[in-house]
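Engineer: structure here, sequence nowhere to be found:
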Ligand SMILES: NC(=O)c1ccc[n+]([C@@H]2O[C@H](COP(=O)([O-])OP(=O)(O)OC[C@H]3O[C@@H](n4cnc5c(N)ncnc54)[C@H](OP(=O)(O)O)[C@@H]3O)[C@@H](O)[C@H]2O)c1
């Protein structure tokens, strides 16, 4: 399929596995100029090699934690002006009784699933507006729309992200820039396997 995005600069934050890898594969097949981030170097390099072999795309791996200021600086120093931004991460942990969820866990979940995409959007959106074209996709969660007690660290921050991105999208749509959130249900990914293996 030709989506008309050949040669666009695409950044997938969290693209060495799972749904992010799927997004990266689709963007590689379209021959975008692709940058993929993840924290784990070994899996990231293996994924990039596999995607290059499969698609022939030009792919740059970036080892960085996109939930930290330093990580975001590293990513943006290598890929400052993406036309396409996909934001994803590993699913936040299942919470037990909501009373036991402490401040540190909240701060970690908020940094990863809300503040990271918010900071990236702020950093890249002016360039997209100037170029009159941009696509931002956050891979969030169905729990944003269908609250579940064991997903309180995942659903509420993404409900906030959806609210924020709709507000921003209304401002930038007239410049050819769109922001969308995907709210997936269950998919068999490395992240989910890790969580359920533990429970099993
Ligand atoms: N899979 C499902 O059933 C499901 C259901 C609902 C919602 N979701 C949502 O969909 C998204 C993707 O889930 P998934 O199952 O595909 O996850 P996954 O299989 O764990 O893959 C996550 C990817 O993001 C990278 N990553 C995680 N934290 C990062 C960080 N701080 N900085 C940079 N890269 C990071 C991981 O690599 P490193 O670990 O090496 O950094 C990996 O490449 C999440 O937002 C999740 O909440 C998934």
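Structural biologist: Right, received. Where do you want to start? On a predicted model such as this, the values are computed, not experimentally measured, just so you know.
Engineer: from now on I want contacts and neighbour counts done on CA atoms only, so please keep to that.
Structural biologist: Noted.
Engineer: what bridges to the residue nearest the centre of the chain?
Structural biologist: For the chain, residue 87 is the residue whose C-alpha lies nearest the centre (C-alpha atoms, centre = their mean; 1.6 Å). Counting by DSSP bridges, residue 87 forms beta bridges with residue 13, residue 138.
Engineer: that one reaches residue 19, doesn't it?
Structural biologist: No - assessed by C-alpha atoms under 8 Å, residue 87 is found out of contact with residue 19, at 10.2 Å.
Engineer: what does this structure put close to the ligand?
Structural biologist: Listed as neighbours of the ligand in the chain under the rule C-alpha under 6 Å from any ligand atom: 13-20, 37-40, 64-67, 88-91, 139-142, 184-192.
Engineer: circling back: what touches both of residue 87 and residue 19?
Structural biologist: Contact criterion C-alpha atoms under 8 Å, 6 or more residues apart in numbering; residues shared by residue 87 and residue 19: residue 139.
Engineer: re the thing from before, got the contact list for the residue nearest to the centre of the chain?
Structural biologist: With C-alpha under 8 Å, 6+ apart, residue 87 has these contacts: 12-14, 20, 117, 136-139.
Engineer: ok, 7 Å please
Structural biologist: Shown in contact with residue 87 (C-alpha atoms under 7 Å, 6 or more residues apart in numbering): 12-14, 117, 137-139.
Engineer: show me the contact partners of the lowest-mean-pLDDT helix or strand in the chain.
Structural biologist: Within the chain, no helix or strand scores below helix 190-199, which has a mean of 88 by mean pLDDT, DSSP states H and E. Residues outside helix 190-199 that contact it (C-alpha under 7 Å, 6+ apart): 17-18, 90-91.
Engineer: mind checking which of the residues you listed are in helices?
Structural biologist: Counting by DSSP state H, the part of the contacts of helix 190-199 found in helices is residue 18.
Engineer: quick check: the farthest pair among the contacts of helix 190-199?
Structural biologist: Greatest spatial distance in these: 17 and 91, 11.8 Å, computed using C-alpha to C-alpha.
Engineer: residue ranges in this structure under the pLDDT threshold?
Structural biologist: Residues of the chain meeting the criterion pLDDT under 70: none.
Engineer: try 90
Structural biologist: Scanning the chain for pLDDT under 90 picks out 1-2, 96, 195-200.
Engineer: so who does residue 114 touch?
Structural biologist: Going by C-alpha under 7 Å, 6+ apart, residue 114 touches 157-158, 161.
Engineer: return the closest of the residues you listed with respect to the ligand.
Structural biologist: For these, the closest approach to the ligand (C-alpha to the nearest ligand atom) belongs to residue 158, at 8.6 Å.
Engineer: cool, thanks, talk later.
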